[in-house]
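S.K.: build me a model from this:
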Amino acid sequence: MRKLQQGEKLTEPRSKPMTSICTKCHELIIVDKNKSWRIIYRLDDDAVVVLEVFEKKTKQTPKKIVDVCKIRITHYDN
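M.R.: Prediction:
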């Protein structure tokens, strides 16, 4: 997160685009000892907007997570 705040653009395998949410959204991949975590975020010119943090248990990001992130980004933009 610090690198993102300092303006560094992270790429795969550390971060991947989440265009199903919006064009500027990404999924930060964090592999812990026994778990895999994800942080869904959007890069704005003046902020890193964190939309969701969750434990990844399946290959695909759950639809519920994607839907919640879409709602949150809409509220943030308004």
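S.K.: so Gln60 sits in a strand?
M.R.: No. Counting by DSSP: H, G, I helix; E, B strand; the rest coil, Gln60 falls outside a strand, being coil.
S.K.: going forward, begin numbering at 9 instead of 1
M.R.: Sounds good: first residue 9 from here, last item Gln68.
S.K.: residues near it, how many?
M.R.: Neighbours of Gln68 under the rule other C-beta atoms under 10 Å: 8. (Each C-beta comes from the backbone N, C-alpha and C, glycine too.)
S.K.: where's it relative to Glu35, distance?
M.R.: Relative to Glu35, Gln68 is positioned 11 Å away (C-beta to C-beta, to the nearest Å).
S.K.: where is the longest helix in this structure?
M.R.: Ranked by number of residues, the top helix in the chain under DSSP state H is helix 71-85.
S.K.: just the mean pLDDT for that one, thanks.
M.R.: Summarised as a single mean, pLDDT over helix 71-85 is 96.
S.K.: go on, stretch 12-23?
M.R.: Mean per-residue pLDDT for stretch 12-23: 87.
S.K.: would you mind writing the CA trace of it as PDB?
M.R.: The C-alpha trace of stretch 12-23 is given here as PDB (Å, rounded to 0.1, in the frame of the first residue of the first chain):
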ATOM      1  CA  LEU A  12       0.800   2.800  -4.200                       C
ATOM      2  CA  GLN A  13       0.600   5.900  -2.000                       C
ATOM      3  CA  GLN A  14       4.000   7.000  -3.200                       C
ATOM      4  CA  GLY A  15       2.800   6.700  -6.800                       C
ATOM      5  CA  GLU A  16       4.300   3.400  -7.900                       C
ATOM      6  CA  LYS A  17       2.200   1.400 -10.300                       C
ATOM      7  CA  LEU A  18       2.000  -2.300  -9.300                       C
ATOM      8  CA  THR A  19       1.600  -4.900 -12.000                       C
ATOM      9  CA  GLU A  20       1.100  -8.700 -12.100                       C
ATOM     10  CA  PRO A  21       1.700 -10.800 -10.100                       C
ATOM     11  CA  ARG A  22       1.400  -8.400  -7.200                       C
ATOM     12  CA  SER A  23      -1.700  -6.500  -8.600                       C
END
